[in-house]
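Colleague: Predicted coordinates and the sequence they were generated for:
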Amino acid sequence: MGFSFSMKFDNLINLELTQKSGQTSQPPWIEMHGKYCDLIYLNEVPILIKAYQDDITSLNINYELPLDIGNLKDSVDQKNTEKNIKNEINRIFDLNFDLNRFYDYLSEDSKLETTVDFSRGLRLFLAKNPFEAIVSSIASANNSIVRWTKSIANIRKKWGNPVKFSSGIFYEFPYPELLQFVHENDLEEFDSLNGSIDMEFCIKNLKSCGVGYRAPYIKKTSEILSNDINLLEIFNMDYEEAFETVLTFPGVGPKVADCILLYGYGFKEAFPTDIWIKRIISYLYFDNKDISVSKIREFGIEHFGEYAGYVQLYLFHYARKSGLMNKLK
DNA sequence: TCTCAGGTCTGCG
DNA sequence: CGCAGACCTGAG
């Protein structure tokens, strides 16, 4: 059973650009017939969303409820479903952020004003689920975009709860309480099965998802999030405290921490500084001098303030599309 | 065959 | 603190 509605607003969004800019919080949503499809949650009930647009000042949303919703039906407030979906879409695509005001800000800096031409309508793409952002970000370190994207899809398929919709089955991302107990590699899986199957069939382990040596990081971080720190606590912290908190997770260094905070939790003052941002900022602001990543991060946070996260997003995309990246290699 | 990828961890000065 | 080296793995 499908429903649909349209969201019209004063501001703008380029959905395709926002989906495909390679932001490190989650893979793009699944593309089906020109629509971007994924699960969002209303009162912990997964809802299938299909988003597309006809023009840059509106979003069209189709949504489906799970087929075997059964006793969950009571927790879906039919009357308010549409309103609640709008709120969640608003949050995920940061639709309350005034892009035009941001463009005014960019145009005041001659080094930044050209970024707009390559990125008009690009918005922050927040995780529907901060845990997925954490695991994604850990998996992204020293990895290629295609590979970590596949890893996340594999994790969903192997341990995520399958939910049936009339459009097909979609997998949730597993919770830390489950992921903390999965096997790290085929050997560990093999041992636990007491030789009941051959080693070559041991494919339900983290490493088989393609996360490589990050498998123990993901598992230990899941343990911490099951036992010591509640995922939601981080929403209530200030940026500094949140940064220090996620830094304690194995596999999380300063770059991954800022990605988690920006894309997973919406801390816009975060300035994820990877090798590219380091090169871009050095080139634009420091005459191409070799400055450490941590200094670049401090510069970004100080210099761009509340816009740091968006500036990082726009700079990265600009460098990719303008040819600056190739030049800086 | 060989390098490299949106860093982090470890060990050392 | 600041700085090398190692590191899964598959695409090009």
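Modeller: Now that the structure is in, tell me what you want to look at.
Colleague: who in the stretch 1-150 of chain A is up against DNA strand B?
Modeller: Counting by C-beta under 7 Å from any atom of the strand, the positions of the stretch 1-150 of chain A adjacent to DNA strand B are A:Ser21, A:Gly22, A:Gln23, A:Thr24, A:Ser140, A:Ala141, A:Asn142, A:Asn143, A:Ser144, A:Ile145. Bear in mind the C-beta positions are built from the backbone N, C-alpha and C, glycine included.
Colleague: Pull out the buried members of those.
Modeller: When neighbours are counted using 16 or more other C-beta atoms under 10 Å, these contain these buried positions: A:Ser21, A:Gln23, A:Thr24, A:Ser140, A:Ala141, A:Asn143.
Colleague: got a pLDDT number for the nearest residue to the second one once chain neighbours are set aside?
Modeller: Read it as A:Gln23. For A:Gln23, the nearest residue in space outside its immediate sequence neighbours is A:Phe125; the separation is 5.0 Å by C-beta to C-beta, 6 or more residues apart in numbering. Predicted confidence (pLDDT) for A:Phe125: 95.
Colleague: Please identify which helix or strand holds A:Phe125.
Modeller: When secondary structure is defined by DSSP states H and E, A:Phe125 falls outside every helix and strand.
Colleague: Between all of the residues of the stretch 1-150 of chain A next to DNA strand B, which two are at the greatest distance?
Modeller: Taking every pair in those and measuring C-beta to C-beta, the maximum separation is 20.3 Å, between A:Ser21 and A:Asn142.
Colleague: Map the structural domains onto the sequence of chain A.
Modeller: Each domain of chain A is listed here as a residue range: A:2-119, A:130-251, A:275-328, per automatic domain parsing.
Colleague: Can you confirm whether the last one lies near DNA strand B?
Modeller: Which is domain A:275-328. Yes. Using C-beta under 7 Å from any atom of the strand, domain A:275-328 comes into contact with DNA strand B via A:Ile275, A:Trp276, A:Ile277, A:Gln312, A:Phe316.
Colleague: What degree of burial does the third one show, as a neighbour count?
Modeller: Looking back up the chat, that one is A:Ile277. For A:Ile277, the tally of surrounding residues (other C-beta atoms under 10 Å) stands at 22.
Colleague: what residues are up against A:Tyr63?
Modeller: By C-beta atoms under 8 Å, 6 or more residues apart in numbering, the contact set of A:Tyr63 is A:Gly2, A:Phe3, A:Ser4, A:Ile47, A:Leu48, A:Ile49, A:Lys50, A:Thr81, A:Ile85.
Colleague: ok, now how distant is it from A:Asn84?
Modeller: Relative to A:Asn84, A:Tyr63 is positioned 10 Å away (criterion: C-beta to C-beta, to the nearest Å).
Colleague: which residues sit in contact with A:Asn143?
Modeller: Applying C-beta under 8 Å, 6+ apart to A:Asn143 gives the contacts A:Gly212, A:Arg214.
Colleague: Now do whichever residue of the stretch 51-200 of chain A sits closest to DNA strand C against A:Arg279, distance only.
Modeller: Nearest to DNA strand C, among the residues of the stretch 51-200 of chain A, is A:Asn142, at 5.0 Å (C-beta to the nearest atom of the strand). Taking C-beta to C-beta as the criterion, A:Asn142 is separated from A:Arg279 by 16 Å.
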